[in-house]
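In: have a look at this fold, sequence not included:
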């Protein structure tokens, strides 16, 4: 199962074997939430279990600055959460959305749907986390929509740390009105195969979008990163930076597309993708694409694929740092550039711990091979 | 042998009735393609039996294939049964009688390029006496090449004279079923060039189809096969800077290069086919498959192209770096204006150890031109220490044009290093201002800036070609800024 299905038929077949589960509200306890949370205890929190909103486990605001509704005006799925942040409010605390998948069914599907609307001039931080707790096979099919009205600012760190029993699909749709600012960081660690999609469109001029992403792909993992930034109006800017570390027989795909439509003059769009291959069996396919139909624009993209720089390792080893440690340091430095863009200390901490833990096992192996 | 060749040339140019055994009526086939047309072409070319079989197999393959649609190109569906797949070489009486009958626009371009009158006539297809300068030039060249042991002839001739070599190499780099257009070409190709450089020989001159008289009017389905044996070197020039008229709208050429151990092939193209009118009507569709195989260790293949013509360009000169320490290079300047569309780039397959490749692509779009770079860099698991650097830059002139970059990078070896960089921008107002302040006209300023933009590619062209290419670029972009 280490390949992503691509044809609609294959996807339909796959979905067929995964069954939706009913809402069971005693599976997850407040203690679990306490264990999993990546924001301070008093933060606003929305907990989703297998795609169902869990009001008892969530902490909702009282002052009216944020409203949470559970009926979405969309056809599917039945359940979903809509969060609306009132015009002009500046949230001091981060808002956390915790997606947990957990069931005793052998193969189940969770379809969380989340809509976040920041009204004009609102400022907020939205922390998202995806975790799979049970030992059963799970397909997580998440859709997140973000609407930023004029002048709104959203910081959006996301951590995907699902288990190897999970197939993870998530698509993030960002729609930005004039002068809005989106700053997102997606850290993808888990899933047997996983696909993260980004769709960014602008509905007003002068908006800015920052997309940062990091993927760590190891043995038995396939990760797919898809990016579509459509500059359909003049004067917007976007900066997408994605980095990946691959080891074991991990395979990753980066498919980034920036489109500058006719008349989207004065667009400034950047796209970069850097990859580090730590093993022979790992493979990366990357496609950073630019489609430009306007002339007064600044667009660039860059990609690199390489291994650890032997000179950097030599520098560290010459200072008495063991090979394993040195490798870890270089990888950490490489990943930090993205991880550090999260405006959430606990999430950042968690990501760094995960990275160190996963790489420690790899570099130990590499050390054996070297000797 | 030389005498035989000369006789053959004479036969080729002497008009049809006298040259061939068949009667006049059978010299043209009705539009459309089927197995009988292919048998006819093969018989007409007096090819060995294996070639006819090879063509038929390719044709059967082609019938099962579908036309690719992934390219960033839009054109009306091609009716392959409406095309005539064999037309006898033009006899003198078909062309315009004198330069007065030629499109004055074309003549103005020739003048700007500084093409001598006699050559203008040839390019415009005016009937001229066959004994003009180039014939004698060609003969002298042939003598010199024969002394070096270099074989440089038409591919039809090669199939008759050196069938073993053709059978050994033809279709090994671009198999007949490689893609839709390559399959069609394999089935119906009418002529092309064959080059063989013996071991250790440095070809004494730049080879060019320009000097091979019988090369004219074979443009539609051309097939080129170049083999550089161990330690040899050859530089090959294709096309010419002057705009060429051609009645055949669909072009589907195949070029195969094979470099054995320590051999080097440098292949330079200047393509300036008719781009059609302002709406792209009547322009050439150019669907070309070009691929080089660096078969031996330390072999080297370098593609340089300047693409300014054609309504549609679909072209990806590629290198398969199979030998250890092999080097592949791709330098390209592609210009689209009017309603021209180009989807061009390269593929670099790294298989051998320490293989290196460089890609420099410069795209210029003006008016409503759409210019796409599409390139693949693949590092196989065996490509130890493989290295690639790619640089693609696009220049946009005008707000209706488009520049697109679609790189595909696949790496399966951790010691390989791949870098890709791309930028897109327009000519800076400040650059223009600077030039104009110093008394340059806007056109000269643009031309100067564009030439600077393309310098990296032009420096790879053989000297004479580079000078012409620069002029060509200036003319191509004339009036684009104003």
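Out: Looks like it came in fine. Predicted model only: the values in this text are computed from it and were never measured.
In: in which helix or strand would I find the spatially most central residue of chain B?
Out: When Cα atoms, centre = their mean is applied to chain B, the residue found nearest the centroid is residue B:269 (5.4 Å). Taking DSSP states H and E as the criterion, residue B:269 maps to strand B:264-271.
In: which strands border the helix or strand that that strand is followed by, and is each parallel or antiparallel?
Out: Next along the chain after strand B:264-271, taking DSSP H and E as the criterion, comes strand B:285-294. Here strand B:285-294 is paired, per DSSP bridges, with strand B:250-251 (parallel), strand B:254-259 (parallel), strand B:312-315 (parallel), strand B:318-321 (parallel).
In: on that earlier part again, now do the strand holding residue B:269, average pLDDT.
Out: Strand B:264-271 comes out with an average pLDDT of 92.
In: just checking, what packs against it?
Out: When contacts are defined as 3 or more Cβ pairs under 8 Å, 6 or more residues apart in numbering or on different chains; DSSP states H and E, strand B:264-271 sits against strand B:222-228, strand B:233-238, strand B:254-259, strand B:285-294, strand B:300-307, helix B:463-476. Using the backbone N, CA and C atoms, a C-beta is placed for each residue, glycine as well.
In: residues of the stretch 201-350 of chain B that sit close to chain A?
Out: By Cβ under 8 Å from any Cβ of the partner chain, no part of the stretch 201-350 of chain B sits against chain A.
In: low-confidence stretches in the stretch 201-350 of chain B?
Out: Applying pLDDT under 70 to the stretch 201-350 of chain B flags residues B:209-219, B:240-248.
In: near chain B, which residues of chain A?
Out: A:262-263, A:265, A:275, A:277-307.
In: what do you get if the cut-off is 6 Å, keeping everything else the same?
Out: Contact residues, chain A versus chain B (Cβ under 6 Å from any Cβ of the partner chain): A:277, A:283-287, A:289-296, A:298-307.
In: are any of those buried, and which?
Out: Among the residues of chain A next to chain B, the ones that count as buried by 16 or more other Cβ atoms under 10 Å in any protein chain shown are A:277, A:283-287, A:289-295, A:299-307.
In: out of those, which sit inside strands?
Out: The strands, defined by DSSP state E, take in A:277, A:283-287, A:289-292, A:299-306 from these.
In: coming back round to it: contacts for the strand holding residue B:269?
Out: B:228, B:233-239, B:241, B:257, B:259, B:300-307, B:309, B:461, B:465, B:469 (Cβ atoms under 6 Å, 6 or more residues apart in numbering or on different chains).
In: same thing with stretch A:57-66?
Out: The list of residues contacting stretch A:57-66 from outside it, by Cβ under 6 Å, 6+ apart, reads A:33, A:44-47, A:68, A:85-86, A:89.
In: list just the nearest of the residues you listed to chain B.
Out: Checking the contacts of stretch A:57-66 against chain B with Cβ to the nearest Cβ, the nearest one is residue A:85 at 36.1 Å.
In: from residue A:143, how far off is that closest one?
Out: From residue A:85 across to residue A:143, the span is 19 Å (Cβ to Cβ, to the nearest Å).
In: of the two, who's got more company?
Out: residue A:85 (25 against 20; other Cβ atoms under 10 Å in any protein chain shown).
In: contacts only, for that one.
Out: Residue A:85 neighbours (Cβ under 6 Å, 6+ apart): A:66, A:118, A:122, A:124.
In: excluding sequence neighbours, find me the nearest residue to the second one.
Out: Counting by Cβ to Cβ, 6 or more residues apart in numbering or on different chains, residue A:118 lies nearest to residue A:152, which is 3.7 Å off, once chain neighbours are set aside.
In: quick one: the nearest residue to residue A:298 once chain neighbours are set aside from residue B:393, how far?
Out: With sequence-adjacent residues excluded and distances taken as Cβ to Cβ, 6+ apart, residue A:298 is closest to residue A:268, at 4.7 Å. Distance, residue A:268 to residue B:393, by Cβ to Cβ: 17 Å.
In: tell me the buried residues in the helix or strand bottoming out on mean pLDDT in chain A?
Out: Using mean pLDDT, DSSP states H and E, helix A:8-17 stands out as the lowest-scoring helix or strand of chain A, at a mean of 74. Neighbour-count burial for helix A:8-17 flags residue A:14 (criterion: 16+ other Cβ under 10 Å).
In: and for stretch B:380-390?
Out: B:380, B:383-388, B:390.
In: turn the strands paired with strand B:285-294 into CSV, columns for mean neighbour count.
Out: Shown next, in CSV, are the strands paired with strand B:285-294 (neighbours: other Cβ atoms under 10 Å in any protein chain shown):
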stretch, mean neighbour count
strand B:250-251, 20
strand B:254-259, 28
strand B:312-315, 27
strand B:318-321, 28
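In: can you tell which of those strands is closest to residue B:185?
Out: strand B:254-259 (4.6 Å; Cβ to Cβ).
In: contacts for stretch B:379-389 next, please.
Out: If you take Cβ under 6 Å, 6+ apart as the criterion, stretch B:379-389 is touched by B:350-351, B:353-358, B:377, B:411-413, B:415-419.
In: okay, now the domains of chain A?
Out: A:8-307, A:308-371 (automatic domain parsing).
In: and the helices in chain B, which stretches?
Out: Applying DSSP state H to chain B gives helices spanning B:2-13, B:16-19, B:35-44, B:49-64, B:104-113, B:117-124, B:133-148, B:155-161, B:163-169, B:180-188, B:429-437, B:442-458, B:463-476.
In: what helices or strands is the fourth one leaning on?
Out: Here helix B:49-64 touches helix B:35-44, helix B:180-188, going by 3 or more Cβ pairs under 6 Å, 6 or more residues apart in numbering or on different chains; DSSP states H and E.
In: for the longest one, same thing?
Out: Counting contacts by 3+ Cβ pairs under 6 Å, 6+ apart, the secondary-structure elements packed against helix B:442-458 are strand B:327-336, strand B:356-366, helix B:429-437, helix B:463-476.
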